[in-house]
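J.: Build the 3D model from these lines:
(one chain, ligands or ions: 1)
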Amino acid sequence: MAAAGLFLAGTDTDVGKTRVAAAILRTLRSAGSLVAAYKPVASGFASVDDERSDAWVLWDAAGRRGTPQDVCPQSFSAAIAPPSSARAEGRHVDERLLRSGFVTRLTAGDVVVVEAAGGLFSPMADETLGIDLARDFSLPLVVVDAARLGAIGRTLGIVRAARSEGLHLAAVVLSHTTPPGDDDGPVSPRTIAREAAAEIGRRTGVPVTILDHGAERMPPGIDWLALATG
Ligand SMILES: [Mg+2]
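T.: Presented below is the predicted three-dimensional model:
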């Protein structure tokens with residue numbers, strides 16, 4: 001199957017993945033692409049109709065076609081790893097649906113943006129880590145990290161692991177997860193992020209960009225459609 005899409009993986013949970021996925025979806029849409037979002041499994045919200053849930057945010061950014069349930073067919077309430085969250089409800093994550101749900105999403109748009117739960121090596125189901133889905137879906141990988149101190153080390157670790165598993169790295173995004181503050185210290189987070197982005201780019205050879213806090217779209221400079229089509 002010749003899928004066009006991107007697989008977004010975090011260096012950790014809470015690094016701004018959903019915001020980056022939504023910004024990429026909006027950017028692709030405004031350039032004329034028919035986009036679909038896929039969240040194989042989510043935890044932390046009782047319902048995908050909750051406007052704060054990843055599924056809802058991605059569905060909204062993708063143009064509100066279909067339902068948030070189409071974006072994320074499996075969702076569990078407790079804000080812990082999906083297999084544990086499912087167990088807490090006496091349920092389990094459906095391994096097959098993780099994969100068949102992706103195939104279904106391929107027909108919903110010309111480009112599919114996938115946001116896994118947590119980090120690249122976080123558990124999605126009893127037998128499946130995020131990286132297993134990344135491999136199965138065969139999409140170019142976008143590594144997302146928070147634009148804060150330690151980004152170089154966190155990002156390069158994940159990139160090296162992903163490449164050693166045979167994944168194709170397309171880009172890295174550093175996301176400002178908090179607004180600029182008064183207690184930012186002598187070197188501003190923006191400067192730290194810019195320097196980290198340059199260093200990560202130099203060491204990985206892929207485009208690295210920075211998403212500002214509150215930004216709805218990706219900054220210019222990267223052709224996301226070209227990356228998504230390999
Ligand atoms: Mg998320």
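J.: roughly how far apart are Ala23 and Val113?
T.: 10 Å (Cβ to Cβ, to the nearest Å). (C-beta placed from N, C-alpha, C; glycine too.)
J.: and if you look at His176?
T.: From His176 to Val113 the distance is 20 Å (Cβ to Cβ).
J.: Looking at those two, which is more packed in?
T.: Val113 (28 against 20; other Cβ atoms under 10 Å).
J.: Now do the SS call for Ala226.
T.: Per DSSP: H, G, I helix; E, B strand; the rest coil, the secondary structure class of Ala226 is helix.
J.: Retrieve the pLDDT associated with it.
T.: On the pLDDT scale, Ala226 is placed at 97.
J.: Now do the longest strand anywhere in the chain: which elements does it pack against?
T.: Longest strand of the chain, by residue count under DSSP state E: strand 111-119. Strand 111-119 sits against strand 5-10, helix 17-30, strand 35-38, helix 54-61, helix 95-106, helix 130-137, helix 224-228, with contacts defined as 3 or more Cβ pairs under 8 Å, 6 or more residues apart in numbering; DSSP states H and E.
J.: Nearest to the ion, out of these?
T.: For the ion, the closest of those is helix 17-30, at 3.4 Å, according to Cβ to the ion.
J.: Show me what counts as buried in that closest one.
T.: 17-29 (16 or more other Cβ atoms under 10 Å).
J.: Also stretch 4-21?
T.: In stretch 4-21, counting by 16+ other Cβ under 10 Å, buried: 4-12, 15-21.
J.: Where does the prediction get shaky in this structure?
T.: 1-2, 182-184 (pLDDT under 70).
J.: For the most centrally placed residue in it, give its distance to Gly118.
T.: Among the residues of the chain, Leu8 comes closest to the average C-alpha position under Cα atoms, centre = their mean, at 3.2 Å. Taking Cβ to Cβ as the measure, Leu8 and Gly118 are separated by 12 Å.
J.: now Leu97
T.: Distance, Leu97 to Gly118, by Cβ to Cβ: 18 Å.
J.: Same drill for those two, tell me which one is more crowded.
T.: Taking other Cβ under 10 Å, Leu97 and Gly118 do not tie; Gly118 has more neighbours (22 against 15).
J.: Could you tell me which residues of this protein lie near the ion?
T.: Selection of the chain residues close to the ion by Cβ under 5 Å from the ion yields Lys17, Thr18, Asp54.
J.: Does anything pack onto the helix ranked longest in the chain? Which helices or strands?
T.: Identified as the longest helix of the chain according to DSSP state H is helix 189-204. Judged by 3+ Cβ pairs under 8 Å, 6+ apart, helix 189-204 is in contact with helix 151-164, strand 169-175, strand 208-211.
J.: Sheet partners, orientation included, of the second one?
T.: According to DSSP bridges, strand 169-175 has the following sheet partners: strand 141-146 (parallel), strand 208-211 (parallel).
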